[in-house]
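Undergrad: 3D, please:
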Amino acid sequence: MLRARLIATAAALAAAGACAGAALGSAVQYPLGRGTGGCPVFPESSPWHENISGAPVSPLSSQYIASIGAGLDLHPDFGHERAYGIPYAIVPADQPKVPIHFTAYGDQSDPGPYPIPRGAPVEGGQQASGDRHVLVLQKSTCMLYELWDAHPNPDGSWDAGSGAVFNLRSTKLRPNGWTSADAAGLSIFAGLIRYDEIKRGYIDHAIRFTAPETQAGFIHPATHFASSSTNPDLPPMGLRLRLEASYPIAGFPRTDRIILQAMKTYGLILADNGSPWFFQGATDPRWNDSVLDALKGVPGSAFQVVETGPILHTG
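TA: The predicted structure follows:
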């Protein structure tokens, strides 16, 4: 039904004349975000910025790594193509807010309206059939709006499976048992590698990644799980892993060294179910895919799981 409505609307615009067509074209091309709009990405005291290089190794580290795939390699799940990675938009403080109609997890979502512009970038592209995340960071207010399975409507509103609003100046977590636009209840944007971080020379936060199987549990700052398994050898959402300090990174290109050093200092954080060792970055045409491909030689066995808090099973 949604696709039919969109097709009918597009036909009506085309019939209305060139002016309407031009307006539609400009709406489709809302620019990809760069930087953070002058906002912090959570305070320095946030778990996202926790230095885990000295954290104790979990007694279940070997089991967790084995379940993810000790013999499998890292996979950068982003690159220079617009349909690859997770895009975001930065909007002004006066961006009009539009209604959000939740279709799956409305009881665990922050109610709208959200300041989502027409033509906001959608993960995978406007016709994608995957997770279809939409991330919007608002300047001045430093509020972050994130949607999962987001589909625009002709009237400017959006349908979405779930949604979450984060105050980037606060360390407040979502309620235990609540999802977000991410299975773990985390912010997606906070865990993305952005090209601007490579330009400045460092990444100062944990990096989000996925694992094929997880248990019914989470570790803060995660607040939600997406599993019915009670297998204690499966990783919980919010699990933190670090690249071993002794792993050699000097021979990698500069971009990769910056990423790998962040994995040693701030680590990876398990954010969703998905392909093993896939870690995410923001969509940006400046990425060099050949450089990123070198990271595919880093094995899962080079990581350790560290202890950052108890496993919770609420929800």
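
Undergrad: From Asp284, how far out is the residue lying closest to Gly85 once chain neighbours are set aside?
TA: Nearest in space to Gly85, with sequence neighbours left out and distances taken as C-beta to C-beta, 6 or more residues apart in numbering, is Phe78 at 3.2 Å. All C-beta atoms are positioned from the backbone trio N, CA, C, and that covers glycine. Phe78 sits at a distance of 8 Å from Asp284 (criterion: C-beta to C-beta, to the nearest Å).

Undergrad: Overlap in contacts, those two.
TA: Contact criterion C-beta atoms under 8 Å, 6 or more residues apart in numbering; residues shared by Phe78 and Asp284: Gly85.

Undergrad: The residue nearest to Gly85: neighbour count?
TA: 23 (other C-beta atoms under 10 Å).

Undergrad: who touches it in this structure?
TA: By C-beta under 8 Å, 6+ apart, the neighbours of Phe78 are Tyr84, Gly85, Ile86, Ile193, Gln280, Gly281, Ala282, Thr283, Asp284, Trp287, Leu292.

Undergrad: Quick check: pLDDT value at Thr314.
TA: Looking at Thr314, its pLDDT reads 86.

Undergrad: same thing with Ile7?
TA: 34.

Undergrad: give the contact list for the residue most central in space within the chain.
TA: By C-alpha atoms, centre = their mean, the chain has its centre lying nearest to Ile188, at 2.8 Å. For Ile188, the contact set (C-beta under 8 Å, 6+ apart) comprises Ile86, His133, Leu135, Glu146, Ser180, Ala181, Asp182, Arg208, Ala271, Gln280.

Undergrad: Compute the number of surrounding residues for the fifth one.
TA: Spelled out, it's Ser180. Ser180, neighbours per other C-beta under 10 Å, totals 27.

Undergrad: what is the closest residue to it other than its chain neighbours paired to in the beta sheet?
TA: Leaving out its chain neighbours, the residue that sits closest to Ser180 by C-beta to C-beta, 6+ apart is Ala164, at 3.6 Å. Beta-bridge partners recorded for Ala164 (DSSP bridges): Glu146.

Undergrad: ranges for the helices of the stretch 1-150 of the chain?
TA: With DSSP state H, counting those that start in this stretch as the criterion, the stretch 1-150 of the chain has helices at 2-16, 18-28, 61-68.

Undergrad: Which parts of the last one count as buried, going by neighbours?
TA: I take that to be helix 61-68. For helix 61-68, burial by neighbour count (16 or more other C-beta atoms under 10 Å) applies to Ser61, Gln63, Tyr64, Ile65, Ser67, Ile68.

Undergrad: TSV for those, including distance to Ala226 and pLDDT?
TA: Output for those, formatted as TSV (distance: C-beta to C-beta, whole Å; pLDDT from 0 to 100):
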residue	distance to Ala226	pLDDT
Ser61	22	98
Gln63	20	98
Tyr64	17	98
Ile65	20	98
Ser67	15	98
Ile68	15	98
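
Undergrad: can you redo these as JSON lines with distance to Thr36?
TA: Putting those into JSON lines (distance: C-beta to C-beta, whole Å) gives the following:
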{"residue": "Ser61", "distance to Thr36": "33"}
{"residue": "Gln63", "distance to Thr36": "37"}
{"residue": "Tyr64", "distance to Thr36": "31"}
{"residue": "Ile65", "distance to Thr36": "32"}
{"residue": "Ser67", "distance to Thr36": "34"}
{"residue": "Ile68", "distance to Thr36": "30"}
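
Undergrad: and of the residues you listed, the nearest to Gln95?
TA: Checking the buried residues of helix 61-68 against Gln95 with C-beta to C-beta, the nearest one is Ile68 at 39.0 Å.

Undergrad: can you pull the contacts of that closest one?
TA: Contacts for Ile68 (C-beta under 8 Å, 6+ apart) come out as Ala211, Pro212, Pro235, Pro276, Trp277, Gly300.

Undergrad: which of those lies closest to Arg242?
TA: Of the contacts of Ile68, the one sitting nearest to Arg242 (C-beta to C-beta) turns out to be Gly300, at 12.5 Å.

Undergrad: For the closest one, which phi and psi angles does the backbone take?
TA: Per-residue torsions, Gly300: phi -60, psi -30 (degrees, to the nearest 10).

Undergrad: Poorly predicted segments of the stretch 1-150 of the chain, please.
TA: Applying pLDDT under 70 to the stretch 1-150 of the chain picks out residues 1-29.
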